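>>> Quick one: sequence plus predicted model below, questions after.
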Amino acid sequence: MLIEVKGLTKRFGDFTAVDSINLSIKEGEVFGLLGPNGAGKTTTLHMLATLLKPTDGIALVNGYDVVKQSDDVRKSIGIVFQEPSSDDLLTGYENLRLHALMYGVPQANLRKKIHEVLELVDLVDRKDDQVKKYSGGMRRRLEIARGLLHHPKILFLDEPTLGLDPQTREHMWKYIEDLVKKKKITIIITTHYMEEADRLCDRIAIIDHGKTVVIDSPEKLKSELGGDIVSMKIRKPNLKAIGKLRYVKKIDRTNGVVLLTVENANKNLPEILKTIGSVESVELHSPTLNDVFLHFTGRQLREEQAEGGFWERATTYKVRR
């Protein structure tokens, strides 16, 4: 394994931000840490990048201990922070050159190397513009280029598309996918965007209150739900009668909406509607990572909540046979 984490913990006074997590990440893998703000994703990333010292536990990155061999770890990684960190007054090229000098990139091929990473993120034509003239998406691409400049084995991306509009986010995903194909490096992403984790990651760890709740591929996690999701707005649902239907695997109720996990929902929906009572609206969809998050944590992970809003806690009704 390229990254091994055992019992990794970070406490700030009486507050435990990361609570004894365990991770094993393979070389060449795109691994996602999925959860809301405050779940411990960025703290975990900062410990792996040697920016924070763990309170307890062990973390090996490229075979190096993050505490005892921090210099070797830093040589092995690149990192793109959640907040922009490029110098606004310097050009894109100047930012990359400054970074190269700090990391001791050999001068002999420096110009060629800078051109290579600028080409990878499609910024060759804007390399001589000041960064303050860049859009948000261009800044993120420049910082990815900066993170790749010293040939790292591992690239950490902390909320890489946070604050970007949907079109720019889509473009950023394409750049990350191309990066994986061309560079074949290991990428660790923190995100609260379900679609982002689903599209980019080979495996994800769902993080909740500093703990790893579950780890697997998005496909396997969604398949664990065992059916389609039927979402209905109902004033007085007959949940007891619904629970007796053999194809209804799980019932959740959150924010006035009843969520059913149903086998072969297309076929069985008419009987459900007949049984449940007066329905204001109904929606049927295949399981998403938001449904997975609800399944494992009892809460929904919505983008507006992940950015600082309120959780919606679900009441789960056990289906008895």
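Happy to help now that I have it. The model shown is predicted, which means the values in this text are computed figures rather than measured ones.

>>> Please count neighbours and contacts with C-alpha atoms only from this point.
Noted.

>>> for Asn62, what are its contacts?
2-3, 73, 76, 153 (CA atoms under 8 Å, 6 or more residues apart in numbering).

>>> what do you get if the cut-off is 6 Å, keeping everything else the same?
The contact partners of Asn62, by CA atoms under 6 Å, 6 or more residues apart in numbering, come to Leu2.

>>> where are the low-confidence patches of the stretch 1-150 of the chain?
The stretch 1-150 of the chain contains no residues with pLDDT under 70.

>>> That one: strands as residue ranges?
Under the criterion DSSP state E, counting those that start in this stretch, the stretch 1-150 of the chain contains strands at 3-12, 15-25, 30-34, 56-61, 64-65, 77-80.

>>> ditto for the stretch 201-321 of the chain
For the stretch 201-321 of the chain, applying DSSP E, counting those that start in this stretch gives strands covering 203-208, 211-216, 228-234, 248-254, 257-262, 279-285, 299-300, 312-313, 315-317.

>>> residues making contact with the third one?
Yep, that's strand 228-234 we're talking about. With contact meaning CA under 6 Å, 6+ apart, strand 228-234 is reached by 257-262, 265, 279-287.

>>> Out of the strands of the stretch 201-321 of the chain, which one sits most buried?
Most buried of these by mean neighbour count (mean count of other CA atoms under 10 Å) is strand 203-208; its value is a mean of 24.

>>> which residues sit against that strand?
Taking CA under 6 Å, 6+ apart as the rule, strand 203-208 contacts 31-35, 39, 212-217.

>>> Closest one to Leu45 out of these, please.
Lowest distance from Leu45 to the contacts of strand 203-208 (CA to CA) belongs to Leu33, with 9.1 Å.

>>> For that closest one, give me its contacts.
Applying CA under 6 Å, 6+ apart, the residues near Leu33 are 190, 204-205.

>>> In TSV, list the strands of the stretch 201-321 of the chain along with distance to Pro54.
Rendered in TSV, the data for those read as follows (distance: least, CA to CA, whole Å):
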stretch	distance to Pro54
strand 203-208	17
strand 211-216	15
strand 228-234	40
strand 248-254	36
strand 257-262	39
strand 279-285	41
strand 299-300	28
strand 312-313	31
strand 315-317	35
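
>>> lowest-confidence stretch among these?
Note on the strands of the stretch 201-321 of the chain: strand 312-313 shows the lowest mean pLDDT, a mean of 56.

>>> coming back round to it: of all the strands of the stretch 1-150 of the chain, which one is nearest Arg246?
For the strands of the stretch 1-150 of the chain, proximity to Arg246 was assessed by CA to CA; strand 30-34 is nearest, at 32.4 Å.

>>> Given the closest one, what are its sheet partners and their directions?
strand 186-191 (parallel), strand 203-208 (parallel) (DSSP bridges).

>>> quick one: which of those strands is nearest Asn22?
Going by CA to CA, the one of the strands paired with strand 30-34 nearest Asn22 is strand 203-208, 9.9 Å.

>>> The closest one: how far from the chain's middle?
Here strand 203-208 is found 8 Å from its chain centre; the criterion is CA atoms, centre = their mean, to the nearest Å.

>>> returning to that earlier point: and the strands paired with strand 30-34 as TSV, adding distance to Met47?
Shown next, in TSV, are the strands paired with strand 30-34 (distance: least, CA to CA, whole Å):
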stretch	distance to Met47
strand 186-191	13
strand 203-208	15
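
>>> quick one, which of those strands is nearest to Gly226?
Using CA to CA, the strands paired with strand 30-34 put strand 203-208 closest to Gly226, at 18.6 Å.

>>> so that closest one versus strand 15-25, what angle?
170 degrees (axes from the mean of the first three to the mean of the last three CA atoms, to 10 degrees).

>>> in this structure, which spans are helices?
Using DSSP state H, the helices of the chain run over 41-48, 70-76, 92-102, 110-120, 136-148, 166-183, 194-200, 218-223, 239-243, 265-276, 289-297, 303-306.

>>> okay if I get the contacts of strand 203-208 as CSV plus distance to Arg140?
Output for these, formatted as CSV (distance: CA to CA, whole Å):
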residue, distance to Arg140
Phe31, 19
Gly32, 18
Leu33, 19
Leu34, 20
Gly35, 21
Ala39, 23
Thr212, 28
Val213, 30
Val214, 29
Ile215, 28
Asp216, 28
Ser217, 26
